[in-house]
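A.B. asks: model this:
(one chain, ligands or ions: 2)
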Amino acid sequence: MADSIITGIPVATGIAIGKAFFVNRSHAANLPRQTVAARLVGDEITRLHEAFATVEGELKTIRKTLPEELKSHGSLIDTHLMMLRDPKLSGAAEEYIKTLGLNAAWALEKAVADQEQAFGAIRDPYIRERMQDVRVVADKVQTKLMGLEVDMTAISGRAIIMAHDLTPADTVELQADKIMGFATVRGGKTSHTGIMARSLAIPALVGVDGLEDKVRDGDLVVLDGLTGKIVVNPTESELEDYNERAALFEDYSRKIKRQCHLPAETFDGSRVEVQANIELVEEVAAVLDNGGEGVGLYRTEYAYLNRKELPSEDELADKYIDLASIMSPRKVVFRTLDLGSDKFIASFGELHEANPAMGLRAIRFCLKNPQLFKTQLRAILRASAYGNVSLMFPMISGVKEIRQAKAWLAQAKAELRREGVEYDPNMPVGTMIELPAAVMIAEYLAHEVDFFSIGTNDLIQYSLGVDRTNRHVSYLYQPLHPATLRAIKLVVDAAHQAGIEVSLCGEVASDPFCVPILLGMGIDSISMTPQAIPGIKRIIRQTNMHDCRKLLRDVLECRTVSRINNLVMDNIFKHFPEEVTFFSSLLENDELPS
Ligand code: PEP
Ligand code: MG
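C.D. replies: Ligands and ions are numbered 1, 2, ... in the order given. Down below sits the predicted model:
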């Protein structure tokens, strides 16, 4: 047996095998707590300020040399620089050295604790984020003070980077060519760590519990970005098994990547557009590289998070115009802001809702804050003059909401027209279908918009009443639940009856087990994380519509998820033998749909 197996959230797929290399750890457990002799207090204060200055110098260099694809993270580095220069932190630490004779690292820890205590009770999201930044900055200074600095140039071949957290600055410092993968204790699925791992095309896990306790520097680890596992010091036979899986994954990935620019056309000639979901303009490289035929979902929230001021119309328009122009003539679907719930913006404060998932989020939030909404609408309209731009609204629950949203859009258009600013007057406008209410009235909504995009991540959550991040009920989050499939079918049929196109941009779109059913329904396009595109295109190219329609008819007659799973598995075995060999050798049996 391996020494231990720990798990995290996979944010970039693949299997990496190599030596663990810690670039940072939480210092809380092994912080030196000593007092210094009175005669050495002056030296300790000097050491403190020198450590601050060194970290500042390093961050300045990184800021200056930030490569183009990471430029959008520059403002985070600026925030950290500001904190280093703020005398409140270093001054308070200096006071502790002077008055209590604490060693510098401990004094700094107390200064951070004071700030946490002073601001901890304030539920303002901006303050909360800044407290996290104070922690990051203090960790960096403590690393210097404790002499724990990691020499990044010492990273040898086949290193798997382990960290408590990876800031954009840390990621820039890493030598991408030597890194096989990374894992962090902190971070969620949409954190910048995941985005960066995906753009570096290496496997990564975030939110790994026990990482700092169970893994030591130099341990041989298997990082499995498919199942979310880290196997520490595997046995010979485990290692052999993982080596085989990794080789299989690489062969298969290379093979499907070679074909990723071919159209997603079934044997019998039906075309489905395969597009990408992105959060940063910089991800377009990955979209094009993986054969994405457009951007089916641009999640626009990122530019609003982690900052005090709202972005200006010009700032947004610059980004949006870049995206529209680079992708042109391919389509880019801008989703208007889906803020609220777990994504707050500082300038609006936290809402203190008892049940945020059902609260003031997405289109509801925008309609309550028309100025913010209109600024974004104007920026998207301005970008529409530069490419093939569409716009869609998230979390629509009724006809009135869509009409209100469109009224703001009409007003934004009228303003731009008066100002002589160019935009595409025929820019298609769509709605996401994410709520059971929208499914039930899809036939009415279809008359209000030019297209639908089904957001199954939310639709499954709301229709099955399951928060999939809640481990007590996540087993009930089932894409192949009869209710989910019927809901999708209802929406596709309503769209087609009204003569509009329908896309699907939730994670179901990248699930090889679900895609044949979606094809059977006649979905027009699917949109997914860029890295999933080659595999899904391959599935489509090996399919024929006749079989997909038959599969759909059969699954719609099933009353239970397990019956549907059996049919889906039979279909996969029959039509995609290579994929079955591939997936079943990568995943353990109990991880295949059951
Ligand atoms: C969805 O709900 O399926 C969707 C694509 O939106 P998001 O994941 O951004 O909520
Ligand atoms: Mg959603």
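A.B. asks: According to the record, where do the domains of this protein fall?
C.D. replies: 4-24+153-254, 38-146, 259-587 (automatic domain parsing).
A.B. asks: and the ones you listed as JSON lines, adding mean pLDDT?
C.D. replies: As requested, those are arranged in JSON lines below (pLDDT from 0 to 100):
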{"stretch": "domain 4-24+153-254", "mean pLDDT": "83"}
{"stretch": "domain 38-146", "mean pLDDT": "85"}
{"stretch": "domain 259-587", "mean pLDDT": "92"}
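A.B. asks: how about these in JSON lines, adding distance to residue 30 and mean neighbour count?
C.D. replies: Using the backbone N, CA and C atoms, a C-beta is placed for each residue, glycine as well. JSON lines is the format used below for those (distance: least, CB to CB, whole Å; neighbours: other CB atoms under 10 Å):
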{"stretch": "domain 4-24+153-254", "distance to residue 30": "10", "mean neighbour count": "19"}
{"stretch": "domain 38-146", "distance to residue 30": "8", "mean neighbour count": "17"}
{"stretch": "domain 259-587", "distance to residue 30": "30", "mean neighbour count": "19"}
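A.B. asks: For those domains, give me JSON lines that also has distance to ligand 2.
C.D. replies: Shown next, in JSON lines, are the domains of the chain (distance: least, CB to the ion, whole Å):
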{"stretch": "domain 4-24+153-254", "distance to ligand 2": "12"}
{"stretch": "domain 38-146", "distance to ligand 2": "20"}
{"stretch": "domain 259-587", "distance to ligand 2": "4"}
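A.B. asks: which one of the ones you listed lies closest to ligand 1?
C.D. replies: Across these, ligand 1 has its closest neighbour in domain 259-587 (2.9 Å, CB to the nearest ligand atom).
A.B. asks: can you give me how far that closest one is from the chain middle?
C.D. replies: Put simply, domain 259-587 sits 14 Å off its chain's centre (CA atoms, centre = their mean, to the nearest Å).
A.B. asks: helix or strand right after the helix or strand hosting residue 107?
C.D. replies: Using DSSP states H and E, residue 107 sits in helix 104-120. Per DSSP H and E, the first helix or strand lying C-terminal to helix 104-120 is helix 125-145.
A.B. asks: helices or strands up against that following helix?
C.D. replies: Counting by 3 or more CB pairs under 8 Å, 6 or more residues apart in numbering; DSSP states H and E, the packing neighbours recorded for helix 125-145 are helix 41-64, helix 74-85, helix 87-100, helix 104-120.
A.B. asks: quick one, that helix and helix 74-85 angle?
C.D. replies: On the basis of axes from the mean of the first three to the mean of the last three CA atoms, to 10 degrees, helix 125-145 is oriented at 70 degrees to helix 74-85.
A.B. asks: could I have helix 125-145 exported to CSV, CA atoms only?
C.D. replies: Extracted as CSV, the C-alpha positions of helix 125-145 are listed here (Å, rounded to 0.1, in the frame of the first residue of the first chain):
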residue,chain,number,x,y,z
PRO,A,125,-16.2,40.8,1.2
TYR,A,126,-13.6,43.3,0.2
ILE,A,127,-12.1,43.4,3.7
ARG,A,128,-12.2,39.7,3.9
GLU,A,129,-10.3,39.3,0.6
ARG,A,130,-7.8,41.9,1.8
MET,A,131,-7.3,39.9,5.0
GLN,A,132,-6.4,37.0,2.9
ASP,A,133,-3.9,39.1,1.0
VAL,A,134,-2.4,40.3,4.3
ARG,A,135,-1.9,36.6,5.2
VAL,A,136,-0.2,35.9,1.8
VAL,A,137,2.2,38.8,2.2
ALA,A,138,3.0,37.9,5.8
ASP,A,139,3.7,34.3,4.8
LYS,A,140,6.2,35.6,2.2
VAL,A,141,8.0,37.8,4.7
GLN,A,142,8.0,35.0,7.3
THR,A,143,9.4,32.6,4.7
LYS,A,144,12.4,35.0,4.4
LEU,A,145,12.7,35.5,8.1
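A.B. asks: ok, residues contacting the next helix or strand after it?
C.D. replies: Moving toward the C-terminus from helix 125-145, the first helix or strand encountered (DSSP H and E) is strand 159-163. The contact list for strand 159-163 (CB atoms under 8 Å, 6 or more residues apart in numbering) reads 16, 18-25, 155, 170, 174, 178-185, 211-212, 215, 221, 223.
A.B. asks: what's the longest strand belonging to the chain packed up against?
C.D. replies: Under DSSP state E, the strand in the chain containing the largest number of residues is strand 15-24. With contacts defined as 3+ CB pairs under 8 Å, 6+ apart, the packing partners of strand 15-24 are strand 159-163, strand 179-184, strand 220-224, helix 236-258.
A.B. asks: Dump those to a markdown table, plus distance to ligand 1.
C.D. replies: Output for these, formatted as a markdown table (distance: least, CB to the nearest ligand atom, whole Å):
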| stretch | distance to ligand 1 |
| --- | --- |
| strand 159-163 | 26 |
| strand 179-184 | 21 |
| strand 220-224 | 24 |
| helix 236-258 | 23 |
